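>>> Quick check, what structure comes out for this input:
(2 chains)
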2 protein chains.
Amino acid sequence: MVDFKKLREESIRQARKDVKQSFSRDLLVIQAVNSVEELNTVINMLVNRLREWYGFYNPEFVKEMHSTEEFAAGIVSAEKKKDSMGADIEKKDNDIILALAKQIASLHKLKKDLTGYLENTMQEVCPNLNAVAGSFIGARLLAFAGSLKNLSEMTSSTVQLLGAEKALFRHLHGQGKSPKHGILVNHELVINAQFREKGKIARALADKIAIASKVDYFKGDFVGDKLRAELEKRFK
Amino acid sequence: MVDFKKLREESIRQARKDVKQSFSRDLLVIQAVNSVEELNTVINMLVNRLREWYGFYNPEFVKEMHSTEEFAAGIVSAEKKKDSMGADIEKKDNDIILALAKQIASLHKLKKDLTGYLENTMQEVCPNLNAVAGSFIGARLLAFAGSLKNLSEMTSSTVQLLGAEKALFRHLHGQGKSPKHGILVNHELVINAQFREKGKIARALADKIAIASKVDYFKGDFVGDKLRAELEKRFK
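Okay, the predicted model is just below:
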């Protein structure tokens, strides 16, 4: 007779083992790139708040500073113009503003660390995709696809439009032109191209990315530099 | 003859002076309360990211931790169960997760400091409003109104609905019931009331808040505890 209790225990053990082994390092890349995107949102939100707040005291300084990073770091040592329109600041009010500014500086630092981690992990997990698409765009493609496995199973025409889902479905419902590129629009080859060339380049780029991700998934030899060179020869 | 150059310079000087003097400390309360709200958004966003990310390694721990604060602080010393379904973690992957967790802990600290600053400044700038509405709700009311001056000019029925603009205009366009309370719904007297009593209490509370903010704006004597006591006597 079948020992159901034992069978059940054995199945659970196996399932737990499967869950444990289903993890692969491309998932870390996705977490890292999403974190970087979220940190961008966070930093922008807090810097806008700081601009408005500190603007009461030193509007001239706020107006001069355009980069968020410079601004958060600069507040600590900012000097006020003699004829400034800003109100006078009390120490306790200044302290809390400085605390916010320091927090933003530390978020900038974390973003830098995360970007470094992202680049290293991309290099390790999908060197070919990394060489062709760059670490940030490559990671975004992985995030859109969900995993390296999913990305490697996509045709190049799907890869070309990852990130343009909204425009694609608008087009399929009969409104608007068919999109030429999704996230690939941020790739340097596409950015530097003439407007009329962008679609063509995005198509060729997506071709190479589709190849690269397949090579990465099946752990083939490194051909990323060759793929990249072919593209650059054709379009630079 | 009029010396236009001198007149122009004099006007600009006067305008700059006016700008400088238009600042009042109730504006700081508004900045502080908006910061606290934004920090809540930020912390939630990053904690969700951390949960997903750390969940690869230690899903059992992530499931047990409900408070965001405990979670971010707990990760540093978290231990893994022997039969955990989580994947094994490498040092470099762990380091970046810890960096994110530490950042979140430091955002919690900033939120605490900001809340303390908010309470002190409310106490100083509008003690009566603070006593009746509490520092957080009082500050939110100031933020909705734009300044203490604006709030002090509002009728109590307007105060009652601050924060319920969407429901109010839906009602005015013929859809939905008229709202009974805006941000005041979070006041402890309203929270602890029976459902059918909430509207009545919000109305009485808004009355007292309208009085309190007028007293604060015109720098009258402290009557906040008296106003509050009248409310509590009636509804507790």
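
>>> CA only for contacts and neighbour counts going forward, please
Will do.

>>> Need the residue closest to the centroid of chain A.
Centrality entry for chain A: nearest residue to the mean C-alpha point is A:Val33, 4.2 Å, by Cα atoms, centre = their mean.

>>> what about the residue lying closest to A:Asp216 once chain neighbours are set aside, distance to A:Asp225?
When the adjacent residues along the chain are set aside, A:Asp216 lies closest to A:Cys126, with 5.2 Å between them (Cα to Cα, 6 or more residues apart in numbering or on different chains). Here A:Cys126 is placed at a distance of 13 Å from A:Asp225 (Cα to Cα, to the nearest Å).

>>> Same drill for the two, tell me which one is more crowded.
A:Cys126 (26 against 15; other Cα atoms under 10 Å in any protein chain shown).

>>> got the contact list for the more buried one?
Residues in contact with A:Cys126 (Cα atoms under 8 Å, 6 or more residues apart in numbering or on different chains) are A:26, A:213, A:216-217.

>>> quick one: which of those is most hemmed in?
Neighbour counts for the contacts of A:Cys126, by other Cα under 10 Å, peak at A:Ser213, which reaches 27 neighbours.

>>> Now do the helices for chain A: every range, in order, please.
In chain order, chain A shows helices spanning A:4-21, A:26-54, A:59-64, A:68-74, A:91-125, A:127-133, A:135-145, A:148-152, A:156-161, A:165-172, A:188-191, A:198-217, A:224-235, with DSSP state H as the criterion.

>>> Can you spell out which helices and strands pack onto the lowest-mean-pLDDT helix or strand in chain A?
Lowest mean confidence among the helices and strands of chain A (mean pLDDT, DSSP states H and E): helix A:68-74, at a mean of 81. Helices and strands touching helix A:68-74, as assessed by 3 or more Cα pairs under 8 Å, 6 or more residues apart in numbering or on different chains; DSSP states H and E, comprise helix A:26-54, helix A:91-125.

>>> Any chance of the ones you listed in a markdown table with distance to chain B and mean pLDDT as columns?
Putting these into a markdown table (distance: least, Cα to the nearest Cα, whole Å; pLDDT from 0 to 100) gives the following:
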| stretch | distance to chain B | mean pLDDT |
| --- | --- | --- |
| helix A:26-54 | 6 | 94 |
| helix A:91-125 | 7 | 94 |
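
>>> Need the per-residue pLDDT for A:Ser24.
Each residue has a pLDDT score; the one for A:Ser24 is 86.

>>> Report the buried residues of stretch A:180-190.
Applying a neighbour-count criterion of 16 or more other Cα atoms under 10 Å in any protein chain shown, one finds A:180-185, A:187, A:189-190 buried in stretch A:180-190.

>>> Ends of it, what's the gap?
Across its full length, stretch A:180-190 reaches 11 Å between end residues, using Cα to Cα.

>>> contact partners of it?
If you take Cα under 8 Å, 6+ apart as the criterion, stretch A:180-190 is touched by A:133-134, A:137, A:140-141, A:160-165, A:191, A:198-199, A:201-203, A:232, A:235-236.

>>> domain assignment for chain A?
Under the assignment automatic domain parsing, the domains of chain A span A:25-125, A:126-236.

>>> Let me see the mean pLDDT of the longest one.
pLDDT averaged over domain A:126-236 equals 93, rounded to a whole number.

>>> How far away from the center of its chain is that domain?
Taking Cα atoms, centre = their mean, to the nearest Å, one finds the center of domain A:126-236 at 14 Å from the center of the full chain.

>>> Likewise for stretch A:81-100?
35 Å.

>>> Any buried residues in that stretch, and which?
Taking 16+ other Cα under 10 Å as the basis for neighbour counts, the residues of stretch A:81-100 that come out buried are A:84-87, A:96-98, A:100.

>>> could you dump those to TSV with distance to A:Thr155?
Rendered in TSV, the data for those read as follows (distance: Cα to Cα, whole Å):
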residue	distance to A:Thr155
A:Ser84	60
A:Met85	60
A:Gly86	58
A:Ala87	60
A:Ile96	53
A:Ile97	51
A:Leu98	51
A:Leu100	47
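
>>> circling back to that earlier point, contacts only, for the residue nearest to the centre of chain A.
For A:Val33, the contacting residues are A:115, A:118, A:136, A:139-140, A:143, by Cα under 8 Å, 6+ apart.

>>> if we go to 6 Å?
Residues in contact with A:Val33, defined by Cα atoms under 6 Å, 6 or more residues apart in numbering or on different chains, are absent; none qualify.

>>> likewise A:Glu70?
Not one residue lies near A:Glu70 by Cα under 6 Å, 6+ apart.

>>> try the one 3 residues further on
When contacts are counted by Cα under 6 Å, 6+ apart, A:Ala73 is found next to no other residue.

>>> From chain B, how far out is it?
The spacing between A:Ala73 and chain B, counted by Cα to the nearest Cα, to the nearest Å, is 17 Å.

>>> now A:Val159
Separation of A:Val159 from chain B (Cα to the nearest Cα): 25 Å.

>>> Contact partners for that residue?
If a contact means Cα under 6 Å, 6+ apart, then A:Val159 has A:Ala206 as its contacts.

>>> How far off centre is the least confident helix or strand of chain A?
Taking mean C-alpha positions (Cα atoms, centre = their mean), helix A:68-74 and its chain are 22 Å apart.

>>> Grab the nearest non-local neighbour of A:Arg51.
The spatially closest residue to A:Arg51, leaving aside those adjacent along the chain, is A:Val62, at 6.2 Å (Cα to Cα, 6+ apart).

>>> Fine, thanks again, bye for now.
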